[in-house]
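Undergrad: could you work out the structure for the sequence below:
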Amino acid sequence: MAGSEGAVESRVLITVGKVDIDITGSQREVDAKMMKISEGEEWSTALAKVRSAREAAISAAMEAAKKHGLPERGSSFNALINNSSLTKKPDQVLAAIHYLRDVEGVNDSPPRVLKKLFDDAGLESPDNLSLYLNRLHERGFVSYPPGGSEKNRFAVLTPEGRAHLDRRSSS
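TA: Sure thing, here's the model as predicted:
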């Protein structure tokens, strides 16, 4: 909206629980106030609440899916692969690990479980999944939980692996 001197006024309004942030002014003023707020405790608390709500929603969706058998795992994984345009096998293997760990909550996923996921999705699985997993580990895209066995069945995506998958999904 225009102010009395023709200047454009900006506004940011954020409500998280009982925390209200309402900033109005020039873009420069709003940016400065947001910078100051983002460094404060109130902002950290608001972000923690948003993260907690997101995690609760994901957990509730996973429980509902498990309880009702929806969506069917093969079609869900296939949709993930197709919607993300993941055509290369290493990327699909990363997506399978992500799917099993983050969607289904499976922590122990040996190559036979990955192969079954590919089969359920109607996708051709790589011939030697262990080789793919070892190569992904060498590239820093998967790691093993601390204190656990360095077996392929316990592979988790590293931040680099997630970033790689995100880049591949958006291209």
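Undergrad: give me the mean pLDDT for whichever strand or helix holds residue 63.
TA: Secondary structure from DSSP states H and E places residue 63 in helix 41-68. Regarding helix 41-68, the rounded mean pLDDT is 74.
Undergrad: after that helix comes which helix or strand?
TA: Per DSSP H and E, the helix or strand that comes after helix 41-68 is helix 73-83.
Undergrad: with just CA atoms, put the very next helix or strand once past that next one into CSV.
TA: Next helix or strand after helix 73-83 toward the C-terminus (DSSP H and E): helix 89-98. Provided in CSV are the C-alpha atoms of helix 89-98 (Å, rounded to 0.1, in the frame of the first residue of the first chain):
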residue,chain,number,x,y,z
LYS,A,89,19.5,-46.0,-10.9
PRO,A,90,21.8,-44.5,-8.2
ASP,A,91,19.2,-41.7,-7.7
GLN,A,92,16.5,-44.3,-7.5
VAL,A,93,18.4,-46.2,-4.9
LEU,A,94,18.9,-43.0,-2.9
ALA,A,95,15.1,-42.4,-3.2
ALA,A,96,14.4,-46.0,-2.0
ILE,A,97,16.5,-45.5,1.1
HIS,A,98,14.8,-42.1,1.7
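Undergrad: can I see the domain layout of the chain?
TA: The chain breaks down by automatic domain parsing into domains covering 10-68, 73-170.
Undergrad: deepest in the core, which of the ones you listed is it.
TA: By mean neighbour count, with neighbours taken as mean count of other Cβ atoms under 10 Å, domain 73-170 ranks first of the domains of the chain at a mean of 16. From N, CA and C alone the C-beta is placed, and that goes for glycine too.
Undergrad: comparing the domains of the chain, which yields the minimum mean pLDDT?
TA: domain 10-68 (a mean of 80).
Undergrad: compute the distance between residue 47 and residue 22, please.
TA: Distance, residue 47 to residue 22, by Cβ to Cβ, to the nearest Å: 17 Å.
Undergrad: test my guess that residue 114 contacts residue 121.
TA: No - using Cβ atoms under 8 Å, residue 114 is not in contact with residue 121, being 10.9 Å away.
Undergrad: name the surrounding residues that touch whatever helix or strand residue 15 lives in.
TA: Assigned by DSSP H and E, residue 15 falls within strand 10-16. Here strand 10-16 makes contact (Cβ atoms under 8 Å, 6 or more residues apart in numbering) with 20-27, 29-30, 34, 46, 49-50.
Undergrad: angle of the helix or strand following that strand against strand 10-16?
TA: Sequence order places strand 19-25 as the next helix or strand after strand 10-16, per DSSP H and E. Between strand 19-25 and strand 10-16, the angle comes out at 180 degrees (axes from the mean of the first three to the mean of the last three Cα atoms, to 10 degrees).
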